[in-house]
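Novice: model this:
(3 chains)
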Amino acid sequence: MPSTIYDVTTWTIPGLPGTTAYTDIGAVVNSIIADIKANQPTQASKPGAVVYIPPGDYSLKTRIVIDISYLQVKGSGHGFTSSSIRYNAGSTASWFEVWPGGSRIKVENTDGNSEAILINRGGSPRLSSIELIDFCLDGLSFSPNQNSYLNGKIGIRSTSDTDSLRIAGMGMVYLQRGLVITGADALSVTGNFIAECGSCIELIGSGQACLVNDNLVGAGFVGFSIYAENHFGLLISGNNIFPRGKSSVHLKACSNSSITANRLHAFYSGMIQFESGCTNNLVASNHFLRQRESFPPFQANNNGLDDLFGLVHINGSGNTVASNHFSFDVAAAYVQPLGATPTIVLVKSGANNFVATNHTIANISVKTVVLDGSTVNTKVLDCGSPGEFQALAGSSYGFRATP
Amino acid sequence: MPSTIYDVTTWTIPGLPGTTAYTDIGAVVNSIIADIKANQPTQASKPGAVVYIPPGDYSLKTRIVIDISYLQVKGSGHGFTSSSIRYNAGSTASWFEVWPGGSRIKVENTDGNSEAILINRGGSPRLSSIELIDFCLDGLSFSPNQNSYLNGKIGIRSTSDTDSLRIAGMGMVYLQRGLVITGADALSVTGNFIAECGSCIELIGSGQACLVNDNLVGAGFVGFSIYAENHFGLLISGNNIFPRGKSSVHLKACSNSSITANRLHAFYSGMIQFESGCTNNLVASNHFLRQRESFPPFQANNNGLDDLFGLVHINGSGNTVASNHFSFDVAAAYVQPLGATPTIVLVKSGANNFVATNHTIANISVKTVVLDGSTVNTKVLDCGSPGEFQALAGSSYGFRATP
Amino acid sequence: MPSTIYDVTTWTIPGLPGTTAYTDIGAVVNSIIADIKANQPTQASKPGAVVYIPPGDYSLKTRIVIDISYLQVKGSGHGFTSSSIRYNAGSTASWFEVWPGGSRIKVENTDGNSEAILINRGGSPRLSSIELIDFCLDGLSFSPNQNSYLNGKIGIRSTSDTDSLRIAGMGMVYLQRGLVITGADALSVTGNFIAECGSCIELIGSGQACLVNDNLVGAGFVGFSIYAENHFGLLISGNNIFPRGKSSVHLKACSNSSITANRLHAFYSGMIQFESGCTNNLVASNHFLRQRESFPPFQANNNGLDDLFGLVHINGSGNTVASNHFSFDVAAAYVQPLGATPTIVLVKSGANNFVATNHTIANISVKTVVLDGSTVNTKVLDCGSPGEFQALAGSSYGFRATP
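Specialist: All right, here's what the predicted structure looks like:
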C-alpha cells in the first residue's frame, strides 16, 4: 500500500517542481490530497492520510481544499505570539523575533479566495473526522490599520456538513475570522490558542452535539470569541476567554446548550448574548470580569452596547443562569449612558428563565438582575438585595433576595 | 540502544514474513512487544516504546496483549464515521466512502478472543502508563442486525490492575463494548470519540482517582455510555454524552466521585443512575435533555425503565445534586406508564442527600423531585413548586419551594 | 531550509562525539538549540523546531536552557509510575520494572544547577509558545529518606516572562518541585501527570489568563499541588488533585480566578487556601474529600494546620464559594486540636464573600461555615443548620439555614 504519511517539505507537485511548501503550501497540500485520492480509489478503503508540517514559515498562496474524510493535518507547534503588542510597540529592531512561529502558515492567498483552508464536499456521506492539529495560521496584518482586525482572511472554513471533526492545539492570529464551521455534528474544538483575530470560533448554519473545551480565545472588538447559531447540545466548558471580543460567548437561536466552568473577561457589556430565542440553555459556574479597555490604542473602540445591555443578555425561554461569579469594575465616568446603573443579567424576553445563586461584586452600584416588561415567570433567587433587582412593569416573576 | 520507535507497516514478524499489519495487525504488534521485551531485559531500564500506526485499514485477527508498561500505541486519526447512519441508509453505491478511517483497526479476531487489545499482567508492579492514542477500533458490524449493538467484540480491555493509563483521542465504533478497564488507578480517558458501541466506557472491579474528561460518547440502548463500579474519587467532566445509552452515567457503589459540567442527552429515563449505595458524590452544573428517540429504526427500543424512574436516580446517602438544568420534552402519548407524571430526580434510598438549585423545563407536568418513603433527611431546595415535589409517606426531608 | 526536526538519539554535538542523549541529554538539547539559532539567524523568520525524545532512559547532567520561542520538545510517553510505592515496598527483586519509563529524563545534574529545564531570556519580546509535551522528568530519589520529598531538583522552571506556553501530557515524579513558572501570560498546563513531587505546579511572580485543566496532580506534604501568586484570570478546572499536598490549590494575592469542576482529595486541612487578600475568585462545583493519611509511612506527617483552619480558608474579599460538595471523614481521635469541632469553610478575613449551596457530609460534628470576627457582610446560604454555622463576635453577615 502506498504510504499515508506525507511531509509538506519533501513533497514535489507533479509537473511543478519549482513550487514548494515554502512558496505555496496550499498548492502542495492540494497536490498531496490529489495523491491520496489517486491512491485510495476504492469506496471500501479510504482511510485518509496524515500531512505533516514541520516547524517552519510557509507561505500559502492557494487555498487548501479538503474534500476527503480522515485527513489529519498536523504540525509541531501552535506558534502564537502577540502581533498586536508588536504592531503597537514602536521600534522592534532589537527584538529577537517579530513573527509567530511553530508550524506556521502565512495566509497570503493570491488565488482570490479568503480562506487558508476550506472544507467542503457535496454528496454523501458528510465529511468525517478531519483533524487539524498543532499548527499556526497567521494572517500577518490588518488593514487599514493594525488594530482594525480587518483583512478579509479566514483561517479554516467548512461550507458543507461534517461529522466528528477535530480542531485541536491550533494557533490562529491576525485573521479576520479564525474558525468558521457550517453544519457541525459532534465537532471537537479543544486546546486551541485563537486570539487577536476579528472573530475566533464561529459555528454557523446549524449544528449539534459539539464540544468547545479548554481553549484560550480572545477576539477583536469587531467580532466573536465564540459564536454559535441554531446549535443544539453544544458544550462550551473550561475555556479562558479574554478580551476584547464584542462578546465572549454569543448564541443565536440555540437550544439545550451549556456554558460551564469558563473564565470570561471583557471590556464591554454583552459578555454572554442569547439572541433570537435561545431556549433551555445552561450558564453555570462561570467567572465573569468586566473592566474598561486597558490598552490605550483600543480605548476609543467598543462594541456599541451600553451598560444597560447586561453582562449576560437573555432572549428566549427556559434558560438557567446559576452559580456564577460576576466582577464589575468600571469607573463611573466610563459607564454608558453616563449616570446609568449598569445591569449584570438582563432577561430581555421569554418565559421561565431561572437566575439563581449568582454573586456580583461591583465597584459602583449595579442592578444584578433586570427583567424586561415582556418577560414571564422568571425566577430570581439569591442574586442580591431587593434594591439590586429591577422588574419592569408587566413582568411576572418570583424573587428572593439574598439575606 | 535499539530503536524504541516501531511502525506497524514496516515491521516483519521473525519467521512469518507473509503476515503484515494489513493482514493481522495484532500479530504484528505482539511481535513488536516481544522485540521490546528482548531489547529491554534489565529490570532497571524498561522505558518501553512507541508503536506507530499510520493511517490505513488494518485487519486484526489476533488479539494484542499488552503486558509491558510504558507502551504507547499511537495513530494519526480517530477516524470515526457513523456506521449506523450508513447501515440504515439504503443504497450507498454513490457514497464516497463507506467505512470509518484514520488509523483504523478492523476488529476481526479469528483467535477465539473477543478483545482487540488486552492489557494484563500478573505480579508486581501494576502495569503503568500505557498510552493508546489517536487510532480507530472498528467492530464493523452487529448481528443479528446492524441496530442490535451486539457482536461480542471489545475494543480495549484490562483485566489486571493498572496505574496512570492514558486513553486519548481514540475513535471506537460498532463494538459491543468499547473500553473496559479493571482496577484503574489514576486512569485518564480524554478527548475520545466513542459512539455507536453497545457500551462505551466501563470502569469495572474497582478504581480510584480517575479522570474521564472531554469525550464525545454515545452508547446503544443495550449498554452504558459511562459506567463505573466501586470507584472512588472519579471525575467525569466536560463530556458531551449523546444517545442512545441505557444510561448516560451509571455509578454502582461509587463514592466521593464527581459528575460536573457535562452535557447529557438521552432517549430514556435513568440518565444518571446511582446503584447499590453510592455515597457522597457530586452532580453539578450538568445539562440534561430527555427526548423521545428520534431515529425511526430505534423507536421500538428502550432501556426498560419507565418515567417514574427519574432522569437522575439516586440510591445511597450523602449525594449532592446542584445547579443542573433539566429539559424534559416527551409527548404525553409516549410517557410510560401512560398517564404518569414523569420524575426528574428520584431519591430512591438513603439519607442526607442534597438536591438544590436545579431548574427543570418540561413540556408536560412533571415531578421535579420525588422522595421514596425510605429516604431520610433529604434536602430539596429551589427545585420547583410545592406541586412539583413529592415526598412519599415515611420520608423525612427539608423542603423549600422556588418562590 | 535546514531541517527543523531533531531527534536527540541521532544528534551529535559538534566536537563532542562521545556525549550522547543517553549520557547527557541536556548537553544534546542545548547543542540542538544552538544549531536552531545558527540556522535561524534572521529576526524575520525564527519558527523554531521540534526536538523529539523517543522512549528511552536518558541521563541529564547539564541543565537545558531554552531561550528561543516556538521550541517544541516532545516525547512519546509520560512514563509515570509510583516510585513512592516502590521505595516503601521492601524487596523489589521480583518486579518486572522498578523505574518510571516512557521518554524518561533522569534528572541527575552535575552542573551545579537544580533545574532539568530552564526557560529564560531577557530582552524583547517575551518567549512565546514553547511547548513541552509527553515526556517524563524523573528526580529518581529523595533524601535524607525516600519519603522526604526533598532533593533540590526542579523539573521545569521559567525565570523570565513568557506568553502562550504549553505544558501538556508530561509526567513528573520525585522532583522537589515539578513545574515553576514565573510571569506567565496565557499559559496552558493540561493533561499532565505530576505526582510524588514536593510541589507540583507553581505559578509564581505574577501572571494572567492562564489555564490549568485536566491534570492528575498530587504533591507531598511539604509542598503545593497547585499554587499561584499575583495571578489574575487563572482558570483551574477539571483536575483530579490527590494527596498528599500541604494544600490542593493555594492562591496568594490572586484575583478574578476560578477553581471549578475539580476533584480534590487531601489528608489535611487547608485544601483550598486563599492567602494575602485574594479577591473576587470563584470556587464552584468542586468535590472535596478530607480523610486521614492512609499510608502508614506518612501518618506521622502533616502540614501543620489544625482542623479549625478550614478545608477552604478564605482571606480576602468578594469571593464566591458555591455548589461544592464536602466530605469530611476523620475519626474524632485524629482531630486537631483534640476535641475541636472541625471547620469546613473558614472566612478568615475580608468583606462581601458569598458561601452558598454547599453540601457537607461529615462523620463527626463540624462547623460548615465559620466567620472570623473581622469579616464583613459575608453571605452564608444553604450551607447547613444554624448549629453548623458560627459567626464570631464582630462579624457581620447574612445567614440562611438549610431548611
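
Novice: helix or strand for A:D35, which one?
Specialist: In this structure, A:D35 sits in helix A:21-39 according to DSSP states H and E.

Novice: ok, is whatever helix or strand comes next after that helix in contact with chain C or not?
Specialist: The helix or strand immediately downstream of helix A:21-39 is strand A:49-53, counting by DSSP H and E. No: counting by CB under 8 Å from any CB of the partner chain, chain C has no neighbours in strand A:49-53; the shortest distance is 9.1 Å. Every residue, glycine included, has its C-beta placed from N, CA and C.

Novice: what sits up against strand A:49-53?
Specialist: Defining contact as CB atoms under 8 Å, 6 or more residues apart in numbering or on different chains, one finds that strand A:49-53 is touched by A:4-8, A:21, A:25, A:29, A:32, A:36, A:70-76, A:103, A:105, A:135, B:54-55, B:76-77.

Novice: Check the burial of the closest residue to A:A21 other than its chain neighbours by counting its neighbours.
Specialist: Of all residues not flanking A:A21 in the chain, A:V8 sits nearest, at 4.0 Å (CB to CB, 6 or more residues apart in numbering or on different chains). By other CB atoms under 10 Å in any protein chain shown, the residues close to A:V8 number 23.

Novice: just A:S143 next, same as before
Specialist: If you count neighbours by other CB under 10 Å, A:S143 ends up with 9.

Novice: Then A:F399?
Specialist: Neighbourhood size, A:F399 [other CB under 10 Å]: 16.

Novice: swap in A:N88?
Specialist: Neighbours of A:N88 under the rule other CB under 10 Å: 14.

Novice: What score does the closest residue to A:S294 other than its chain neighbours have for pLDDT?
Specialist: Once flanking residues are discounted, A:S294 sits nearest to A:F267: 7.7 Å by CB to CB, 6+ apart. A:F267 carries a pLDDT value of 97.

Novice: repeat for the one 4 residues further on
Specialist: We have a pLDDT of 98 for A:M271.

Novice: Repeat that for A:L392.
Specialist: What the model reports for A:L392 is a pLDDT of 98.

Novice: Next, the contact list for the closest residue in space to it that isn't next to it in sequence, please.
Specialist: Residue nearest to A:L392 in three dimensions, not counting chain neighbours: A:G373, with 4.0 Å by CB to CB, 6+ apart. Applying CB under 8 Å, 6+ apart, we find A:G373 in contact with A:392-395.

Novice: Name the member of those residues with the most neighbours.
Specialist: Busiest of the contacts of A:G373 [other CB under 10 Å] is A:S395, holding 17 neighbours.

Novice: what residue is smack in the middle of chain A?
Specialist: Residue closest to the average C-alpha location in chain A (CA atoms, centre = their mean): A:I201, at 2.5 Å.

Novice: For that residue, give me its contacts.
Specialist: A:I201 makes contact with A:178-179, A:189, A:194, A:212, A:215, A:217, A:224-227, according to CB under 8 Å, 6+ apart.

Novice: Also A:V376?
Specialist: Residues in contact with A:V376, defined by CB under 8 Å, 6+ apart, are A:350-352, A:395-396.

Novice: which parts of the stretch 251-400 of chain A sit against chain B?
Specialist: A:256-258, A:260-261, A:279-282, A:284-285, A:317-318, A:320, A:322-323, A:352, A:354, A:356-357, A:379, A:381, A:398-400.

Novice: just for chain A, where's the confidence low?
Specialist: Scanning chain A for pLDDT under 70 picks out nothing.

Novice: For it, which segments count as helices?
Specialist: Using DSSP state H, the helices found in chain A span residues A:21-39, A:83-87.

Novice: With mean neighbour count as added columns, please give those in a markdown table.
Specialist: Putting the helices of chain A into a markdown table (neighbours: other CB atoms under 10 Å in any protein chain shown) gives the following:
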| stretch | mean neighbour count |
| --- | --- |
| helix A:21-39 | 20 |
| helix A:83-87 | 19 |
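
Novice: Quick one: closest of those helices to A:L127.
Specialist: Among those, helix A:21-39 comes nearest to A:L127, with 12.2 Å by CB to CB.

Novice: Can you list the neighbours in contact with that closest one?
Specialist: If you take CB under 8 Å, 6+ apart as the criterion, helix A:21-39 is touched by A:1-2, A:4, A:6, A:8-9, A:11, A:13-14, A:16, A:19-20, A:48-49, A:51, A:53, A:56-68, A:71, A:73, A:105, A:109, A:111, A:116, C:1.

Novice: what's the burial count for A:F96?
Specialist: The burial count for A:F96: 18, using other CB under 10 Å.

Novice: Check A:G191 too.
Specialist: A count of nearby residues for A:G191, using other CB under 10 Å, gives 27.

Novice: so who does A:F399 touch?
Specialist: Counting by CB under 8 Å, 6+ apart, A:F399 touches A:379-381, A:386, A:389, A:391, B:403.

Novice: which of the contacts of A:V376 lies closest to chain C?
Specialist: A:N352 (20.7 Å; CB to the nearest CB).

Novice: okay but the closest one is in contact with A:T378, surely?
Specialist: Yes: judged on CB atoms under 8 Å, A:N352 makes contact with A:T378 at a distance of 7.5 Å.

Novice: Look at these two and report which has more neighbours.
Specialist: Neighbour totals were compared for A:N352 and A:T378, and A:T378 leads with 25 against 20 (other CB under 10 Å).

Novice: Isn't the more buried one up against A:Y397?
Specialist: Yes: contact status for A:T378 versus A:Y397: in contact at 4.5 Å, counting by CB under 8 Å.

Novice: still on that earlier bit, just the closest of the contacts of A:V376 to A:D185, please.
Specialist: For these, the nearest to A:D185 is A:G350 (27.1 Å; CB to CB).

Novice: Distance check, that closest one against A:V369.
Specialist: To A:V369, A:G350 is 14 Å away according to CB to CB, to the nearest Å.

Novice: Comparing these two, which residue is more hemmed in?
Specialist: Between A:G350 and A:V369, A:V369 has the larger neighbour count (other CB under 10 Å), namely 29 against 22.
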